[in-house]
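Student: Below are the sequence and a predicted model; questions follow.
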Amino acid sequence: MPTRVLLSFYICMLIPIESEAGWIGPSEVVRGTWGSGSEQFGKKEQYLKPILPVLRVDRNGNVIIGDRVNYRVKIYDAKGILVKIFEPHGIEIPAWTYWPSDKMRIIDNKVFMPWGKQYQFYDHNGRVVREFILDGTVFWNSTDEEKILVRVESDNSFMLYDKNGRKIRDCSKTPPELGVVSEHSFGDGKYETTVSFPDKIWVMQGSACSRYVRIGDCELYCPGDVQIAKYDSEGRLVSRLNMPRGRRKTIVPAGNGMDEIAETIVAYGSPVLSPNGDVYTWKRTKKYYSIVKWVWVDGPDAPVVERAEGKAEGIELRWKRPRRLTGRLEGYEITRSNDACGPFEKVGEVKGRTRRYLDAKIEPGRTYYYRIRALTKKGPGGWSNRAVGRIAEAAGAGCKSYWPPEEELVPGVDAAPSP
């Protein structure tokens, strides 16, 4: 009897919402083959489960990939260009484990690496700029990427630390800064979920998610395994984005009593939310590993900002032309805010088909949010996705910078920065 091959298909679906605002994509950001070369990614089967890279995104749109099998971290800029590869420093990695761990996070735009009781912060040049030791494990299920929640396993209590590794306080349960989730059932399958922060409370209809992520006061997200939901400031569901589910091949053996064999043709990961609200995930096939993303725009007549890049002279914005326009293009309006939720104020305008703008009126060390819209004969179009830009503060000329100051060291927590 000949071998039979069955194909299973899954469809990527974007649920329609009011108006034509929504996520558009996916667009490919990074792509490479499997292997150990600089443009490759490692993969290994272990106990019938693949060991795959870990995906994170920082507020500037840089893609950080923990290439665990190859014991390294790869950093790509927002354009998908590889800018840095670094390996672990100051820690011992047993041969039977992989680095980094899947608890790798982005905190204060640095790569945060938990490894046992040792915690390290790497900058984007691969330098360890902060390390300390804690008797506990990082509690990943938090909604505030500016704080570190550590669980003490001996008594199941928590310790809350700020982004600099300084203890804020001990907690008997999840602290309110990270969002306290409660669910109330009305019967007949109807639920109401409350997510409470010290300064704001969201009330949504429906059962609770396992994790919520907050962006300012205007947006709350529920990233699940196969979809991500977006809520507005009033708790109304704005949209759901379903991740592609992939495709696999089932091979039915010719002999009797033999099990079917499932071979993956294409698979996708869970959604990863960036600090500006863009959604990323990984895609893998037998030959390739890639990162794809979706961006949120106000409609098909909205441009898509590709990057907000910090340079010596300011923050440079570049964007794509809208998918369609309602009138003849006359230029673009650029707006800026110090808060992700606005208000946004006009900072500039470019004429014609120019799709580049340099914002020179910025303060180093401050984060700025940008939105752009097209200007046509018939009026302005929809607003673009929200882009984030920042220029780091420069160290004082002729001075060596030490951080944290010696008098601020916390015993048992702080350690001297690596050279």
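Tutor: Ah, there it is. Numbers count the residues shown, from 1 in each chain.
Student: Going by residue numbers, what spans are strands in the stretch 151-300 of the chain?
Tutor: Taking DSSP state E, counting those that start in this stretch, the strands of the stretch 151-300 of the chain run over residues 157-162, 167-171, 180-187, 190-196, 201-205, 213-215, 219-223, 227-231, 237-242, 247-252, 261-268, 272-273, 279-285, 288-297.
Student: Could you double-check that Y368 lies in contact with V388?
Tutor: Yes: assessed by C-beta atoms under 8 Å, Y368 is found in contact with V388 at 7.3 Å. Just so you know, the C-beta spots here come from the backbone N, C-alpha and C atoms, and that holds for glycine as well.
Student: who's more crowded, those two?
Tutor: V388 (24 against 21; other C-beta atoms under 10 Å).
Student: ok, now which ones touch that one?
Tutor: R59, N60, G61, P275, N276, A308, A340, T367, Y368, Y369, Y370 (C-beta atoms under 8 Å, 6 or more residues apart in numbering).
Student: okay if I get these as a markdown table plus distance to Y289, pLDDT and secondary structure?
Tutor: Listed next are the contacts of V388 as a markdown table, based on distance: C-beta to C-beta, whole Å; pLDDT from 0 to 100; DSSP: H, G, I helix; E, B strand; the rest coil:
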| residue | distance to Y289 | pLDDT | secondary structure |
| --- | --- | --- | --- |
| R59 | 24 | 80 | coil |
| N60 | 22 | 80 | coil |
| G61 | 19 | 85 | coil |
| P275 | 24 | 83 | coil |
| N276 | 24 | 83 | coil |
| A308 | 27 | 89 | strand |
| A340 | 30 | 87 | coil |
| T367 | 31 | 87 | strand |
| Y368 | 33 | 92 | strand |
| Y369 | 31 | 93 | strand |
| Y370 | 31 | 95 | strand |
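Student: Reformat these as CSV; add distance to E177.
Tutor: Shown next, in CSV, are these (distance: C-beta to C-beta, whole Å):
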residue, distance to E177
R59, 19
N60, 24
G61, 26
P275, 17
N276, 21
A308, 28
A340, 17
T367, 19
Y368, 24
Y369, 22
Y370, 27
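Student: Produce a PyMOL select command limited to the buried residues of these.
Tutor: Typed into PyMOL, the next command selects the buried ones out of the contacts of V388 (criterion: 16 or more other C-beta atoms under 10 Å):
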select buried, resi 59+60+61+275+276+308+340+367+368+369+370
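Student: So which of the contacts of V388 is the closest to S36?
Tutor: Nearest to S36 among those, counting by C-beta to C-beta, is G61 at 26.6 Å.
Student: ok, now how distant is the nearest residue to the closest one once chain neighbours are set aside from W383?
Tutor: Excluding the flanking residues, the one nearest G61 by C-beta to C-beta, 6 or more residues apart in numbering is A78, at 3.4 Å. The span separating A78 from W383 equals 19 Å under the rule C-beta to C-beta, to the nearest Å.
Student: Y231 contacts Y221, doesn't it?
Tutor: Yes: Y231 is in contact with Y221 according to C-beta under 8 Å; the separation is 7.3 Å.
Student: Point out where the stretch 51-200 of the chain drops to low pLDDT.
Tutor: Within the stretch 51-200 of the chain, the segments meeting pLDDT under 70 span 136, 139-145, 153-154.
Student: whoops, I mixed them up, the stretch 251-400 of the chain
Tutor: Scanning the stretch 251-400 of the chain with the threshold set as pLDDT under 70 gives 251-260, 393-400.
Student: where do the helices sit along it?
Tutor: With DSSP state H, counting those that start in this stretch, there are no helices along the stretch 251-400 of the chain.
Student: ok, back up a step: identify the contacts common to Y368 and V388.
Tutor: Counting by C-beta under 8 Å, 6+ apart, the contacts common to Y368 and V388 are A308.
Student: now T264: how far from R245?
Tutor: Separation of T264 from R245 (C-beta to C-beta): 12 Å.
Student: Quick one: neighbours of W23, just the number.
Tutor: Counted with other C-beta under 10 Å, residues neighbouring W23 total 22.
Student: list the buried ones in stretch 276-287?
Tutor: For stretch 276-287, the neighbour count (16+ other C-beta under 10 Å) marks N276, G277, D278, V279, Y280, T281, W282, K283, R284 as buried.
Student: can you check stretch 108-127 too?
Tutor: Buried residues in stretch 108-127, counted by 16+ other C-beta under 10 Å: 109-115, 119-122, 124, 126.
Student: Out of those, flag the one nearest to G179.
Tutor: Proximity of those to G179 was ranked by C-beta to C-beta; the top entry is F112 with 19.1 Å.
Student: So which elements touch the helix or strand hosting that closest one?
Tutor: Element membership of F112, judged by DSSP states H and E, is strand 110-115. Applying 3 or more C-beta pairs under 8 Å, 6 or more residues apart in numbering; DSSP states H and E, we find strand 110-115 packed against strand 105-107, strand 118-122.
Student: any chance of those in CSV, plus distance to W34?
Tutor: CSV is the format used below for the helices and strands packed on strand 110-115 (distance: least, C-beta to C-beta, whole Å):
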stretch, distance to W34
strand 105-107, 25
strand 118-122, 25
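Student: Tell me which residue is most central in this structure.
Tutor: Most central in the chain under C-alpha atoms, centre = their mean is S274, positioned 3.2 Å from the mean C-alpha point.
Student: now that residue: how far from I93?
Tutor: Distance from S274 to I93, by C-beta to C-beta: 29 Å.
Student: got it, and S185?
Tutor: Distance from S185 to I93, counting by C-beta to C-beta: 46 Å.
Student: Looking at these two now, which is surrounded by more residues?
Tutor: A direct count of neighbours by other C-beta under 10 Å for S185 and I93 places I93 higher, at 13 against 10.
Student: Now do the contacts for the more buried one.
Tutor: Each residue near I93 by C-beta under 8 Å, 6+ apart is listed here: Y71, W99.
Student: So which bits of stretch 370-389 are buried?
Tutor: By 16+ other C-beta under 10 Å, the buried positions in stretch 370-389 come out as 370-376, 380-389.
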